[in-house]
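K.L.:
Okay, predicted coordinates and the sequence, questions at the end:
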Amino acid sequence: MHSPLNRIRLCLIVCIVLAIAHPTFSQTTMGRILGTVSDQSGAAVAGATVLITDVQRGTTRTVATDASGEYAAPELQPGIYKVRAEAKGFKAVERINIVVEVAQDLRVDISLPTGLVSETVVVTDEVPLVNTTSATLGGTLSNAEINDLPLNGRNYENLLQLRPGVIRYPGGGFSTTSSNGLRAEDNAYLVEGLFNSEPFSGQSIINGAGIAGDSATILPVDAIEEFNVQQSPSAEYGWKPGSIVNVGLKSGTNQIHGSAYAFGRDTPLDARNDFNCDSVASCPPGVTPTPKNPRNLEQFGSTAGGAIIKDKLFYFGAYEGQRYTVGNAGFLSTWATIPLPTPAGGTNCTSLTSGDCANSIPDAIADVYAQGLTVSPVSLQVAGCTFVAPYTPSSVSCNGKGFPANTGGGTTIAYSLDNTVSSDNAVGKVDYRLNQRHTLSSMYFFGNNSGTVADASEVQPQWLTLIHTRAQVFGENWTYIPSSNWVNEARFGYNRLYQPTFTADHNVPASSYGLDTGVTNPLYGGLPRINIAPFYIFPQELGGFNWPKVQGPDTRVQFIDHISYVRGKHAIKFGGELHRDAFTGGAYGGVRGRIKFGLGGQTLGQPIEDFTIIHFTQIGGILNEP
């Protein structure tokens, strides 16, 4: 009988044996150039020297062909290369303008003519577009294509649907990319070879989901060298069954390069929303005209890269900021009006001869008083009203800070509570080539998103939602080349995400509204959710949405190592990964309390009248109505 520990050991041994017997892989943005060196008769040239030069950074990798004339140079940074082959008794041949893409295998075969090695033949024809080294279905988008294609929001993930089999759910937005009919969560995103997801929801950290708008944080598209999409990936990308999106960042080069940009879209340039009517003629009957909703979107940023030490130490950095204010056009039902003009003799009141207690707060107060009942001071405070007995039309006054005031005389209010969000994102990368054998690369991403948004039918700005996302990603890569046959790549990564969501009045204790909810944590303050039938079907409500929710800090620590070995016609990669995931946080949707006034079991004839007489008590932190 095997103990659990022995079974674990056995599994580890089996995995190691399988890894050696059958090459496994570990994800990387690096590419590979391989091929055959032969003479003009097609015979293999053994012992030929092959120099592979990164044209933009001036670095060179030297390998030698084996007895069958084969060579391979794995773990090459994406970029433009030239390949030079030379051997005794042959002219040197140089292939130029070879573009290595993210995670791409590129075959470059060279035929050497006889002659002096001091003579060089430069071949300028392009490498064939047909990939003969892999059966993977997918494709690559370069930085030029990313920048030239229309890209609303500057989010590179919006380009994924250009690949066959990748679509957006109806309505679009973040976390809606489906690959071959799978859920959005089934896609895996990698940035600089690091698994770019947080452990709670499985979504991206960079370009991750937010409560409102597009992605909460954005990787500046000007910082992307290119990205590769694979839909039938090899075993090295075995995280999820959907598409594998592999993003490579730009690096510095010997030449200083950079960019700056700004995009703007402002309210005067936009047409009105159909629900944002501006005149009695254009508004539905009973709807009050309102000013034009704002729609301001500003996106701006810059990049810079170059060499600190030529041919050796390089830097690259990018920043992008986004600012936007977008109005939400909608209608408030008549219960939220103060007062609501209605014909005399309204039939919804029990003892009132005029007005409508089902829709008007002043009329409901009048009817409650007429029946000899006490109007609740707490309800008056929440509603934003005052009442001085005895009742007269002027003894009820409301300031519009609870139920919105209807100043236009219609039966429905057109309103807009704006989404106002700012986002700041930066990424930096440093590449250091110590010598022919050792290369180091470091990257750091920081994204910060904050704003106030209407994510439900809140009726007042003090009950809107406060959103915040802070994402940080750090990666370190070390490439070691002990010989022309062996290459080792070791990588360390650290991801951190913090995303709290609160109502705008979360730092206001419930006692400020006259309520005793029993909640003492200052983070969980604010007005409880109050719904009144039949209007909460929408739902329109007093108080904010069902927050707070705190996600994070979520962290993921990654250790990755893989080895490439070339022997004859065989190129083998094997290695492994170790991840440590951690999550803290929780959802506290009911912690503020929730009160509903329904259509059944009322003290009086209408739910809105019940609201005006309710007396709240606190039992064990739960709100109850007697």
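P.N.:
Right, received. Where do you want to start? Numbering: from 1, shown residues only.

K.L.:
any idea how far the residue most central in space within the chain lies from Phe200?
P.N.:
Central residue of the chain (Cα atoms, centre = their mean): Gly208, 1.8 Å from the mean position. From Gly208 across to Phe200, the span is 11 Å (Cβ to Cβ, to the nearest Å). (Glycine included, C-beta is placed from N, CA and C.)

K.L.:
before we move on, what about Tyr324?
P.N.:
Counting by Cβ to Cβ, the gap from Tyr324 to Phe200 is 26 Å.

K.L.:
and Thr501, what are its bridge partners?
P.N.:
Ile467, Lys549 (DSSP bridges).

K.L.:
unless I'm mixing things up, it is touching Leu466, no?
P.N.:
Yes - counting by Cβ atoms under 8 Å, Leu466 is a contact partner of Thr501 at 7.0 Å.

K.L.:
what residue ranges in this structure are flagged as low confidence?
P.N.:
For the chain, applying pLDDT under 70 flags the ranges 1-27, 117, 125-138, 171-174, 286, 332-355, 406-414, 535-540, 599-605, 614-626.

K.L.:
so the closest residue to His562 other than its chain neighbours is in which element?
P.N.:
Closest residue to His562 apart from its sequence neighbours, by Cβ to Cβ, 6 or more residues apart in numbering: Gly575 at 2.7 Å. Counting by DSSP states H and E, the element that carries Gly575 is strand 570-582.

K.L.:
so how far is that strand from its chain's centroid?
P.N.:
26 Å (Cα atoms, centre = their mean, to the nearest Å).

K.L.:
which strands and helices sit next to it?
P.N.:
helix 4-21, strand 70-76, strand 549-567 (3 or more Cβ pairs under 8 Å, 6 or more residues apart in numbering; DSSP states H and E).

K.L.:
just checking, next helix/strand downstream of that strand?
P.N.:
strand 585-587.

K.L.:
returning to that earlier point: out of Tyr324 and Phe200, which sits in the more crowded spot?
P.N.:
Tyr324 (21 against 16; other Cβ atoms under 10 Å).

K.L.:
Could I get the contacting residues of the more buried one?
P.N.:
213, 296-298, 419-421 (Cβ atoms under 8 Å, 6 or more residues apart in numbering).

K.L.:
In PyMOL, select just the buried ones from those.
P.N.:
Entered in PyMOL, the line below selects the buried ones among the contacts of Tyr324, by 16 or more other Cβ atoms under 10 Å:
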select buried, resi 213+296+297+419+420+421
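
K.L.:
Might you specify the subset of the contacts of Tyr324 located within strands?
P.N.:
Those of the contacts of Tyr324 mapping onto strands are 296-298, 419-421, per DSSP state E.

K.L.:
Quick check: the farthest pair among those?
P.N.:
Glu298 and Asn419 (14.0 Å; Cβ to Cβ).

K.L.:
Any buried residues in stretch 583-594, and which?
P.N.:
So for stretch 583-594, counting by 16+ other Cβ under 10 Å, buried means 583, 585, 588, 591-594.

K.L.:
Contacts for that stretch next, please.
P.N.:
With Cβ under 8 Å, 6+ apart, stretch 583-594 has contacts from 198-200, 503, 510, 515, 517, 519, 521, 524-531, 543, 546-554, 621-623.

K.L.:
Please list only the buried members of those.
P.N.:
198, 200, 503, 510, 515, 517, 519, 524-531, 543, 546-554, 623.

K.L.:
List the ones among those residues that fall in strands.
P.N.:
503, 529-531, 549-554, 623.

K.L.:
Just the closest of the residues you listed to Gln230, please.
P.N.:
Asp554 (25.9 Å).

K.L.:
distance of the closest one from His579?
P.N.:
13 Å.

K.L.:
So for Tyr494, what's the nearest residue that isn't a sequence neighbour?
P.N.:
Using Cβ to Cβ, 6+ apart, the closest residue to Tyr494 is Phe474 (4.7 Å).

K.L.:
Against Val221, how distant is that neighbour?
P.N.:
Phe474 is 21 Å from Val221, by Cβ to Cβ.

K.L.:
So between those two, which is more surrounded?
P.N.:
The residue with more neighbours, out of Phe474 and Val221, is Val221; 22 against 15, by other Cβ under 10 Å.

K.L.:
My read is that the more buried one contacts Ile146, right?
P.N.:
Yes - under the criterion of Cβ under 8 Å, Val221 makes contact with Ile146 at 5.2 Å.

K.L.:
what residues are shared contacts of the two?
P.N.:
Joint contacts of Val221 and Ile146 (Cβ under 8 Å, 6+ apart) are Tyr156.

K.L.:
about what we covered before: buried set for the helix or strand containing the residue nearest to Tyr494?
P.N.:
In the assignment (DSSP H and E), Phe474 maps to strand 465-480. Using 16+ other Cβ under 10 Å as the test for burial, strand 465-480 gives 465-473, 475-479.

K.L.:
ok, now stretch 552-567?
P.N.:
552-556, 558, 560-566.

K.L.:
now swap in stretch 397-406 and tell me
P.N.:
Buried, per 16+ other Cβ under 10 Å, within stretch 397-406: 398, 402-406.

K.L.:
Ala329: which of the residues you listed is nearest?
P.N.:
Pro404 (14.9 Å).

K.L.:
all helices for the stretch 301-450 of the chain, in order.
P.N.:
Residue ranges of the helices in the stretch 301-450 of the chain, as given by DSSP state H, counting those that start in this stretch, are 361-370, 377-383.

K.L.:
closest one to Trp486 among the ones you listed?
P.N.:
helix 377-383 (72.6 Å).

K.L.:
so what does the closest one touch, helix or strand wise?
P.N.:
By 3+ Cβ pairs under 8 Å, 6+ apart, helix 377-383 packs against helix 607-613.

K.L.:
Now with 10 Å, please.
P.N.:
helix 361-370, strand 385-387, strand 396-398, strand 529-532, helix 607-613 (3 or more Cβ pairs under 10 Å, 6 or more residues apart in numbering; DSSP states H and E).

K.L.:
what's the third one in contact with?
P.N.:
Where contact means Cβ atoms under 10 Å, 6 or more residues apart in numbering, the residues beyond strand 396-398 that reach it are 337-339, 360-366, 369, 375, 380, 383-388, 404-405.

K.L.:
before we move on, the earlier item: can I get the CA coordinates of the strand holding Phe474 in PDB?
P.N.:
Extracted in PDB, the C-alpha atoms of strand 465-480 (Å, rounded to 0.1, in the frame of the first residue of the first chain):
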ATOM      1  CA  THR A 465     -19.700  52.800  -7.400                       C
ATOM      2  CA  LEU A 466     -16.100  53.600  -6.700                       C
ATOM      3  CA  ILE A 467     -13.800  51.400  -8.800                       C
ATOM      4  CA  HIS A 468     -10.100  50.900  -8.400                       C
ATOM      5  CA  THR A 469      -7.600  48.400 -10.000                       C
ATOM      6  CA  ARG A 470      -3.900  48.300  -9.400                       C
ATOM      7  CA  ALA A 471      -1.900  45.700 -11.400                       C
ATOM      8  CA  GLN A 472       1.900  45.000 -11.200                       C
ATOM      9  CA  VAL A 473       3.900  42.500 -13.100                       C
ATOM     10  CA  PHE A 474       7.700  41.900 -12.800                       C
ATOM     11  CA  GLY A 475       9.700  39.500 -14.800                       C
ATOM     12  CA  GLU A 476      13.400  38.500 -15.000                       C
ATOM     13  CA  ASN A 477      14.900  36.300 -17.700                       C
ATOM     14  CA  TRP A 478      18.300  34.700 -17.900                       C
ATOM     15  CA  THR A 479      19.600  33.000 -21.000                       C
ATOM     16  CA  TYR A 480      22.700  30.800 -20.700                       C
END
